[in-house]
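> Here is my input, please return the structure:
(3 chains)
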Amino acid sequence: MPPRRPLAQGFYARDTVAVARDLLGCTLWTQTPGGVCAGRIVETEAYLDHRDPASHAARGRTPRSAIMFGPPGVAYVYLIYGMHHCLNAVTECDGQAGAVLIRALEPLIGLDLMVQRRKTGPERSLCAGPGRLGRALGIDLDWNGQPLTASSRKSANNFTPGRVWIAAGPAPARVVTGPRVGIRRAASEPHRFCDPDSACLSKPPHFGRL
DNA sequence: GAACCGATTGCCT
DNA sequence: GGCAATCGGTTCG
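I've put the predicted structure just below:
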């Protein structure tokens, strides 16, 4: 049984690239009326501020990206291609934009529920990809802004669909970094991090070791 | 308001 | 390997 205690806000109030790397090996949890699910984070990507043309914060604060400028340790969820919900963790101090996209998990707990939501078998691809893990964990746009840290009174009053948090875990034996997936701008930046020994990656890594 | 685009996936050939 | 599905965000007129 992996640890369940949520990482503190201080973990997220750091350099986005460092948070992306350090999230590998941690455990992502979701709790909904349907049950609890958890998985080991094996792939992440860092998205920075206006200096990063691939980031949603590249053109400054907009209604969608505003949350990336806000306090760290909250969920940033957006809809991509009109059908997939992607989960990010907001990073950096309040006022500084940054987020880490969670791209793949090794399923640990709640496999039945994940399979049910994904309408597929319990194969390695169950949570291998941001859209796939979003579907498997039951994440949708209502989760946007939900704190990933210990629940506050405010969130308890405002939020009903479910709850999401990340617990610490041992770092992988190896970490590989490379270009982000599906990104054309700033393609040279090695802002993707993954555990090359995991069988649950969205795409195989073939870039530098860290 | 209209047009275009996208941090994806699954199904088709 | 190609491509459709599908819709909120962003930009432009």
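> what's near enough to touch A:R21?
A:44, A:175, A:177, A:193, A:210 (C-beta atoms under 8 Å, 6 or more residues apart in numbering). (Glycine included, C-beta is placed from N, CA and C.)
> And the residues you listed, which of them are buried?
When those are checked for burial by 16 or more other C-beta atoms under 10 Å, the buried set is A:44, A:175, A:177, A:193.
> Out of the residues you listed, list just those in helices.
Among the buried ones among the contacts of A:R21, no residue falls in helices (DSSP state H).
> Make TSV from those and add distance to A:A104 and pLDDT to it.
Converted to TSV, the buried ones among the contacts of A:R21 look like this (distance: C-beta to C-beta, whole Å; pLDDT from 0 to 100):
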residue	distance to A:A104	pLDDT
A:T44	8	98
A:V175	14	97
A:T177	15	96
A:F193	11	98
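> These: which ones sit near DNA strand B?
The overlap between the buried ones among the contacts of A:R21 and the neighbours of DNA strand B (C-beta under 7 Å from any atom of the strand) is empty.
> Next, format the residues you listed as TSV and append distance to A:R59.
Shown next, in TSV, are those (distance: C-beta to C-beta, whole Å):
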residue	distance to A:R59
A:T44	23
A:V175	31
A:T177	26
A:F193	25
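> if we take those, which one ends up nearest to A:G121?
A:T44 (25.4 Å; C-beta to C-beta).
> my read: A:R4 touches A:W29, true?
Yes - using C-beta atoms under 8 Å, A:R4 is in contact with A:W29, at 6.5 Å.
> Common neighbours of these two, please.
With C-beta under 8 Å, 6+ apart, A:R4 and A:W29 have common neighbours A:A167.
> Compare those two and say which one has the larger neighbour count.
Just comparing A:R4 and A:W29: by other C-beta atoms under 10 Å the higher neighbour count belongs to A:W29, 23 against 12.
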